[in-house]
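Engineer: Got a sequence here, can you build the structure:
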Amino acid sequence: MPGSVKSMGVLTVGTLVVISAYTVALGSNGWLWFGWIVLGLVTVGLAASRSR
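Structural biologist: Below you'll find the predicted structure:
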């Protein structure tokens, strides 16, 4: 796995942790979760394109 894909994976997981903490502390925000899903899809797409 190239470095850029690993970096995106770390960013995606880190963002998940931050959004989860935000949700627990202040309540849910749909836009944050939507943004995280988009980031996750971009990460998966990048990993799929680099594995070929």
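Engineer: Where do the helices of this protein begin and end?
Structural biologist: 3-26, 30-50 (DSSP state H).
Engineer: Can you pull out the low-pLDDT segments for this protein?
Structural biologist: 1, 52 (pLDDT under 70).
Engineer: center of it, which residue is that?
Structural biologist: Nearest residue to the geometric centre of the chain (Cα atoms, centre = their mean): T12, 2.6 Å.
Engineer: Excluding chain neighbours, give the residue nearest to it in space.
Structural biologist: Spatial nearest neighbour of T12, excluding adjacent residues (Cβ to Cβ, 6 or more residues apart in numbering): T43 at 4.8 Å. The C-beta positions use only the backbone N, C-alpha and C, and glycine is treated the same way.
Engineer: so the one you found touches K6, yeah?
Structural biologist: No - T43 is beyond contact range of K6, at 10.2 Å (criterion: Cβ atoms under 8 Å).
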